[in-house]
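[1] for reference, the sequence and a predicted model appear below.
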Amino acid sequence: MFSTKNEQLQALGQNHFDKAVRLSNIVLASAERFANLHLELSKKLLEDQANAAKALVEVKDPKALVELQGNMAQPSIDQAFGVARTVYDAAVQTQNEIQSFVEEQVLEFNKQLCANLDKVSQNAPAGSDVAINAMKNVLTSATAAYDTVTRTAKKVGTELAEAGVAAATNSAKAATAAAAATTAAAARGKKDSTAS
């Protein structure tokens, strides 16, 4: 009997160790995703800054400077939203992996609890079946409710985040277009007043 208990404890310890390793791998994969994203962004920003500096050095007159500013604004905003989107996607991926891990743990706990209730019912006095079945029903109902709430929260959260990102992108594009139109109108106004 003692060796059986010892083997059960060893199996339990190995199970917990495996779970810890799996969770660590999820966290490390997330950190790696964000580090790679940061490195790629740094490279892109350095390249863009070099190109912008080169373009500024080549400007010959104020009109060309105004045009250059207008031409550089939209790609910068688009890039910023692209980066934000990539970071959001990486965060959602990490969140989904951790959430799946937690859901698996909850399901495993519920299975263990049901198995323990079955063991208790075998050794329980006569007439306790009703109480044990009631506990199993409560557990089953709680698990179903947890599943429903989790799925609904995930769906609503994703839809709200997607709508927010889309609205912010559209607003920024509209503001950039308006700013570019204002800059172009100001440049034409300066050109007209210089010609007079």
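    Noted; the coordinates are in hand. Numbers count the residues shown, from 1 in each chain.
[2] all strands for the protein, in order.
    With DSSP state E, there are no strands along the chain.
[3] shaky segments in it?
    1-3, 5, 165, 168-169, 172-173, 175-181, 183-196 (pLDDT under 70).
[4] how about 50 then?
    Filtered on pLDDT under 50, the chain yields no residues whatsoever.
[5] now what about stretch 18-25, what contacts it?
    Contact partners of stretch 18-25, identified using CB atoms under 8 Å, 6 or more residues apart in numbering, comprise I98, F101, Q105. Yep, even glycine has a C-beta here, placed from its N, CA and C like the rest.
[6] show me what contacts the closest residue to the first one other than its chain neighbours?
    By the measure of CB to CB, 6 or more residues apart in numbering, the closest residue to I98 outside its immediate chain neighbours is I26, 6.0 Å from it. By CB under 8 Å, 6+ apart, the contact list for I26 reads T94, E97, I98, F101.
[7] for T86, give me its contacts.
    Per CB under 8 Å, 6+ apart, neighbours of T86: L37.
[8] what distance do you get for it to T158?
    Noted for T86: a distance of 16 Å to T158, by CB to CB, to the nearest Å.
[9] and if you look at A124?
    For A124, the distance to T158 equals 45 Å [CB to CB].
[10] same deal with A73?
    31 Å.
[11] next: K136.
    From K136 to T158 the distance is 33 Å (CB to CB).
[12] higher neighbour count, those two?
    K136 (16 against 13; other CB atoms under 10 Å).
[13] quick check: that one touching A115?
    No. K136 is beyond contact range of A115, at 10.8 Å (criterion: CB atoms under 8 Å).
[14] so which bits of stretch 116-128 are buried?
    Neighbour-count burial for stretch 116-128 flags L117 (criterion: 16 or more other CB atoms under 10 Å).
[15] so how far is it from its chain's centroid?
    Its chain's C-alpha centre and that of stretch 116-128 lie 45 Å apart, by CA atoms, centre = their mean, to the nearest Å.
[16] just give the closest residue to L41, not the sequence neighbours.
    L41's closest residue in space is V83 (CB to CB, 6+ apart), at 5.8 Å.
[17] pull the number of nearby residues for that neighbour.
    Counted with other CB under 10 Å, residues neighbouring V83 total 15.
[18] before we move on, what about Q79?
    Neighbours around Q79, by other CB under 10 Å: 14.
[19] was I right about it contacting K44?
    Yes. Taking CB under 8 Å as the definition, Q79 is a contact partner of K44 at 7.4 Å.
[20] can you tell me how far I132 sits from F34?
    Remark: distance between I132 and F34 (CB to CB) = 48 Å.
[21] these two touch, right, A124 and V130?
    No. A124 lies out of contact with V130 (CB under 8 Å); the separation is 10.6 Å.
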